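# no sequence on this one, just coordinates:
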């Protein structure tokens, strides 16, 4: 691991610790100090830059107004009323998001500078091509669609369901153990004569899946593994559907149908009996050792223990164990659609 990667991992870990600390604290003063510190740093950055005096004064005022608004939000919304329960956690999450407003202002200023330099680098503005105009229009529509999708995804019901599910998860210990039955493994053994493994990419419509899609920009945000074509042995890492603890669980096809346009894509990869057996043995080992769903890893891209994984990480690891991996990538950075999009050597066959 290079020094740069070590620094990045360390920064991710520290950011995660800070997030957990802020979500658990009941102290207004911590947020006030962070807001003030960010404002001071950004104002200092503005005055050390080569901007004009007018620009420096303008942005200093903007950062001070943002800090004032953040303090008002905390006093009259976040830390007012009952300071317990799901609602308080949601309000603190909003307070954490507002910390990034100054960074957004800085980014807008950066885009403005680029546009200014670009427009002045040509003597005639008419040289801007129609392709560039189309690209600007496309990006504008993409942003608009993403805002609309965010509004639907972050509806009150969806956010409430996600926040209620968070306490069921663990990021440091195994909470799912021996949930797979002997009947399940017997069904897997019956499939050995079918020398294929089946990879199932799905768009389920669950609140968690919809939230993940905001970050991945992909329609399909879950992947599962099956040992038989009829998907009787379909399995993956998931939240347990409030039936089993989050971690390694057998899946039912009805769980995939949570919206009108829910769909799955099924692919198969050649897998000799001995390689399928290796995959089955590994799943049995995880079942006996214990597992947990790597909810934090979706953002931090870090697993604290070997059997704490998310769905695409699990499927890729099983393919590696069985000697069937057809592309190379850190398991914690793999998205469900990567298992199809990175099939450079055409190992998969669409079913």
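Looks like it came in fine. Remember, it's a predicted structure, so these values are computed and weren't measured experimentally. Numbering: from 1, shown residues only.

# use CA for all of it now, contacts and neighbours both
Will do.

# So what's the residue count around residue 52?
Number of residues near residue 52 (other C-alpha atoms under 10 Å) recorded here: 11.

# ok, now how distant is residue 68 from residue 97?
Here the criterion is C-alpha to C-alpha, to the nearest Å. By it, residue 68 lies 15 Å from residue 97.

# who has more neighbours, those two?
Per other C-alpha under 10 Å, whichever of residue 68 and residue 97 has more neighbours is residue 68, with 15 against 10.

# what sits against that one?
Applying C-alpha atoms under 8 Å, 6 or more residues apart in numbering to residue 68 gives no contacts.

# One more: the one 3 residues further on?
Contacts here follow C-alpha under 8 Å, 6+ apart; on that basis residue 71 touches 32, 35.

# what about residue 45, which helix or strand?
Take DSSP states H and E as the rule and residue 45 turns out to sit in helix 28-48.

# Quick check: what element follows that helix along the chain?
Immediately after helix 28-48, counting by DSSP H and E, sits helix 53-73.

# tell me the angle that following helix makes with helix 28-48.
Angle, helix 53-73 to helix 28-48, by axes from the mean of the first three to the mean of the last three C-alpha atoms, to 10 degrees: 170 degrees.

# List the buried residues of helix 53-73.
For helix 53-73, a neighbour-count test (16 or more other C-alpha atoms under 10 Å) marks 56, 59-60, 62-64, 66-67, 70-71, 73 as buried.

# next one: stretch 80-90
Within stretch 80-90, the residues that count as buried by 16+ other C-alpha under 10 Å are 88-90.

# now that stretch: mean pLDDT?
Mean pLDDT, computed over stretch 80-90, is 78.

# try stretch 304-319
For stretch 304-319, mean pLDDT is 95.

# what distance separates the start and the end of that stretch?
End-to-end distance of stretch 304-319 (C-alpha to C-alpha): 21 Å.

# again, but for stretch 303-310
Start-to-end, stretch 303-310 (C-alpha to C-alpha) is 9 Å.

# What are the buried residues along it?
Buried, per 16+ other C-alpha under 10 Å, within stretch 303-310: 303, 307-310.

# Residue 342 - nearest residue in space that isn't next to it in sequence?
Of all residues not flanking residue 342 in the chain, residue 327 sits nearest, at 6.6 Å (C-alpha to C-alpha, 6 or more residues apart in numbering).

# For that neighbour, what are phi and psi?
Taking degrees, to the nearest 10, you get phi -160, psi 160 for the backbone angles of residue 327.

# ok, the buried residues of stretch 303-310 vs residue 187, which is closest?
Checking those against residue 187 with C-alpha to C-alpha, the nearest one is residue 307 at 23.0 Å.

# Not counting residues beside it along the chain, what's closest to the closest one?
Sequence neighbours aside, residue 291 is the residue nearest to residue 307 in space, at 5.0 Å (criterion: C-alpha to C-alpha, 6+ apart).

# With residue 82 instead?
For residue 82, ignoring the flanking residues on the chain, the nearest one in space by C-alpha to C-alpha, 6+ apart is residue 88 at 7.3 Å.

# roughly how far apart are the one you found and residue 23?
Residue 88 sits 9 Å away from residue 23, taking C-alpha to C-alpha as the criterion.

# And residue 344, by the same measure?
42 Å.

# between the two, who's got more neighbours?
residue 23 (17 against 10).

# wait, doesn't the more buried one sit right on residue 92?
Yes. Taking C-alpha atoms under 8 Å as the definition, residue 23 is a contact partner of residue 92 at 6.2 Å.

# I'd assumed residue 78 was in contact with the residue nearest to residue 82.
Yes. Residue 88 lies in contact with residue 78 (C-alpha under 8 Å); the separation is 7.1 Å.

# Now do the contacts for the residue nearest the centre of the chain.
Closest residue to the average C-alpha location of the chain: residue 298 at 4.0 Å, with C-alpha atoms, centre = their mean. Counting by C-alpha under 8 Å, 6+ apart, residue 298 makes contact with 310, 332.

# in what helix or strand does it lie?
Using DSSP H and E, residue 298 sits in helix 297-300.

# what does the strand or helix carrying the residue nearest to residue 82 contact?
Assigned by DSSP H and E, residue 88 falls within helix 85-97. Contacts to helix 85-97, defined as C-alpha under 8 Å, 6+ apart, come from residues 19, 22-23, 31, 70, 73-74, 77-78, 82, 160, 163-164.

# Tell me the one of those nearest residue 178?
Among the contacts of helix 85-97, and counting by C-alpha to C-alpha, the member closest to residue 178 is residue 164, at 24.5 Å.
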